[in-house]
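**Student:** My questions concern the predicted model and sequence given below.
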Amino acid sequence: MCAYIRALTLLEDAGFGWQIAEGGTGSEALTRQGTKMASIELERVSRRFANGTYGVRDIDLKIEDGEFVIFLGPSGCGKSTTLRMIAGLESISSGDLRIGGRSVNNVAPRDRNVAVVFQNYALYPHMSVWHNMAFGLKMRGVGLEEIDQKVAKAADLLGLNLLLQRKPGALSGGQRQRVALGRAIVREPEAFLLDEPLSNLDAQLRAEMRLELVKLHRRLGRTMVHVTHDQVEAMTMGDRICIMRDGQMIQTGRPLDVYANPADIFVARFLATPPMNLIPAQLTHADDKLVVQIDPTTHVGVPPKHYAPYVQKAGGPITAGIRAEDIYETQARPEWQRISVKVVAVEALGAENVLIGLLGRDKPIEIQARLGRHFFAPVDSIVDLYVDTEPMHLFDTETGKAVARPPLPAGR
Amino acid sequence: MRKFGLHFGLILACVIVLLPPLWALRTSLVPESMSYSTEIFPAFTLDNYRGLFAKNRFGTFYVNSLIVALGSVIVALPFAACTGYAFARFRTGGRFARFAVLATQMLPPVALVLPAFAILRGAGLTNSLPGLILVYSALNLPFLTWILMGFFEGVPADLEGAAMTDGATAWGAFWRIVIPVSLPGLAAAGVLGFILSWNEFLFALVLSGPQTATIPVSLAALQTSNGVQIAKVSAGVVLAILPLVIASRFIQRFIIQGLTFGGVK
């Protein structure tokens, strides 16, 4: 692993086939020379299976050249299918897919100039590491001398020099991952399509690789599409995340924007650990105040600046969404509102303590709060906590959609 | 004690299985006149083997068998590989085609042998090795297709995906990736097909002639009106078993070797 980190650091100096915009991301990477634009556009793209069900339905998305986009969603949501459609490994039932402005619906995978890194790496088991990396170049009729140069360079950068003669069966998981990455890199594709490439690695290696992939993207400046079900990867790696469920794209946006302004309950819960607390309540309007009434004795007031968008829902059921980190053990600001919680457990994580408690008396609701690492409370005791209600979201109880309101600034 | 019981049982089973071929080996090395002797090994001779080759043209039949068995595998294997791959990866032919392939195996051979004879006679291929190779290829094809379909289903489809994004055509992915990865499976299927053809009797009896008979037919011919020449039959059986013993060693190795060794996690 050390060799790998060192190797990727070398990548910065080596250039490796691309002109490097120092520290460049996104648009700066467009200064790349001698290559076509590789924006990827999906227009009402669907994948229908033989039995009439949809794997993916009506996806509209434009991925800019050089952008790092994350497809995030639970398993079976269609994110891998979408990626495979971009790669050409899955046929498109309807809609239009364009790479670099050219419609590629009926273009073979080999003519799309994209590289895929598969979840299981899909290394050719009967070929050595060298041949695995050279295969794509050979298929494209590159001369042996040039192949040798390119493979040697990539191997150097990925710390694979000593492994070139080995077969994949004799490599560790992390090494196989690097070979899969190297196989993609040597071809200098227009876009990298990564299908959960980190999910087979152990936790520590995954964290390191996460960072390395981000660095790699910055250096290569190529379009990258990364599929994952891990919200940490989604939050930290991409320029943009696209959250998918049941074959549809629910929300796209910059990670922190999506985090601050989830479109519905699903996104709100999926994008955080611990997930957002969802509290069924009544929205009441009395004495010119808008109040989230959780039960007769428990309520949280809506901040006055949100009255206008929320007042239309007054007098009906509502689901209040409060993030675990918006609950505090002390009242630092006067507008924070006190709630009483019965302690179920306190999980000490070292840097912070997560309190799991019951809110409300009649039908208690379990909530989680991220509190300071010095907070402790005995099980079954009642503690007072304080809610910052400004980032609180209200969701329509029936549809699960967020009640529209002006977006919160990201990264509050 | 339990272990002793287990081993005793296993040894007994081995003896039961091995006794007939061992007895054939013993009979083949004993002079004809003492074949039915109650002594375990009354005398040693190689006359049975010599006689088999000198008087019964066993060498010709042996070569015939080798040609026919190898030939039928060489002809059938490529077709079986393509068909099996199509069945494993695509919806080619639907369920009906798969069932049809399996259904051919359910017919009794007798029902096929006369039509086969009629076809070969029409084509002028009776009493010829090419005719026999064609018929054995047809007999092997469904069986090999079915086996190879199973092997190809075990090859991860992502390997082909990787090859195709790497610049290979669908055929290129099949030829350069799937076939090499499936070599153990192809070898195992080939050996099984070889054994089937090697042991086949009925079709060979009906379709071959005096010059083109195979080992099973020539051994049957040793049951003459003067009685069964048991010593020669035994010698023939020993020689006939030989390639199968070698083949079974291969097949074991290939099947144990497994399909994908570390290409995917």
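**Tutor:** In hand now; what should we look at? It should be emphasised that the depicted structure is a prediction, and the values quoted were computed from it without experimental measurement.
**Student:** make it CA atoms for all contacts and neighbour counts henceforth
**Tutor:** Noted.
**Student:** ok, which stretches of the chain are helices?
**Tutor:** The chain I'm using is chain A. Listed in chain order, the helices of chain A (DSSP state H) span A:2-14, A:79-87, A:129-139, A:144-158, A:173-186, A:203-220, A:231-237, A:255-260, A:265-270, A:307-310.
**Student:** could you do chain B instead?
**Tutor:** For chain B, the helices defined by DSSP H occupy B:2-28, B:47-55, B:58-89, B:94-103, B:109-122, B:129-153, B:157-165, B:170-173, B:179-181, B:183-199, B:202-207, B:215-220, B:230-257.
**Student:** measure the residue lying closest to B:Gly167 once chain neighbours are set aside to B:Thr92 for me?
**Tutor:** Spatial nearest neighbour of B:Gly167, excluding adjacent residues (C-alpha to C-alpha, 6 or more residues apart in numbering or on different chains): A:Arg110 at 4.1 Å. Distance, A:Arg110 to B:Thr92, by C-alpha to C-alpha, to the nearest Å: 23 Å.
**Student:** And A:Gln177, by the same measure?
**Tutor:** 34 Å.
**Student:** of the two, who's got more company?
**Tutor:** A:Gln177 (24 against 14; other C-alpha atoms under 10 Å in any protein chain shown).
**Student:** How many residues are close by the residue nearest to the more buried one when sequence neighbours are not counted?
**Tutor:** Closest residue to A:Gln177 apart from its sequence neighbours, by C-alpha to C-alpha, 6+ apart: A:Tyr121 at 6.3 Å. For A:Tyr121, the count of nearby residues is 28 (other C-alpha under 10 Å).
**Student:** Now do the same contact list for the closest residue to A:Val107 other than its chain neighbours.
**Tutor:** Leaving aside its sequence neighbours, A:Val107 sits nearest to A:Gly88 (C-alpha to C-alpha, 6+ apart; 7.3 Å). Neighbour list for A:Gly88: A:Asn105, A:Val107, A:Ala108, A:Pro109, A:Arg112 [criterion: C-alpha atoms under 8 Å, 6 or more residues apart in numbering or on different chains].
**Student:** Among those residues, pick out the one closest to chain B, please.
**Tutor:** Chain B has its nearest neighbour among these in A:Pro109, at 4.9 Å by C-alpha to the nearest C-alpha.
**Student:** Could you pick out the longest strand of chain A?
**Tutor:** Ranked by residue count under DSSP state E, the longest strand found in chain A is strand A:337-348.
**Student:** Return the residues in contact with B:Trp204.
**Tutor:** In this structure residue B:204 is Ala, not Trp. If you count contacts by C-alpha under 8 Å, 6+ apart, then B:Ala204 has B:Leu132, B:Ala213, B:Thr214, B:Val217 around it.
**Student:** got the CA positions of stretch A:374-384 in PDB?
**Tutor:** Output of stretch A:374-384 as PDB, limited to C-alpha atoms (Å, rounded to 0.1, in the frame of the first residue of the first chain):
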ATOM      1  CA  HIS A 374     -18.100  14.300  27.300                       C
ATOM      2  CA  PHE A 375     -21.800  13.700  27.300                       C
ATOM      3  CA  PHE A 376     -23.000  10.800  29.400                       C
ATOM      4  CA  ALA A 377     -26.300   9.900  30.800                       C
ATOM      5  CA  PRO A 378     -27.600   6.800  32.600                       C
ATOM      6  CA  VAL A 379     -30.000   4.500  30.700                       C
ATOM      7  CA  ASP A 380     -33.700   5.300  31.400                       C
ATOM      8  CA  SER A 381     -32.900   8.800  32.700                       C
ATOM      9  CA  ILE A 382     -34.700  11.800  31.200                       C
ATOM     10  CA  VAL A 383     -32.300  14.400  29.700                       C
ATOM     11  CA  ASP A 384     -33.000  17.800  28.200                       C
END
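**Student:** And the pLDDT for the residue positioned nearest the centre of chain A?
**Tutor:** Centroid-nearest residue in chain A, with C-alpha atoms, centre = their mean: A:Ala234, separated by 2.0 Å. pLDDT recorded at A:Ala234 is 91.
**Student:** From chain B, how far off is it?
**Tutor:** Distance of A:Ala234 to chain B, computed by C-alpha to the nearest C-alpha, to the nearest Å: 23 Å.
**Student:** which residue is nearest the middle of chain B?
**Tutor:** Nearest to chain B centroid, counting by C-alpha atoms, centre = their mean: B:Ile195, 1.3 Å.
**Student:** Counting neighbours, what do you get for A:Ile382?
**Tutor:** The tally of other residues near A:Ile382 (other C-alpha under 10 Å) stands at 16.
**Student:** Leaving out sequence neighbours, find the closest residue to it.
**Tutor:** Among residues not flanking A:Ile382 along the chain, A:Lys342 sits closest, at 4.4 Å (C-alpha to C-alpha, 6+ apart).
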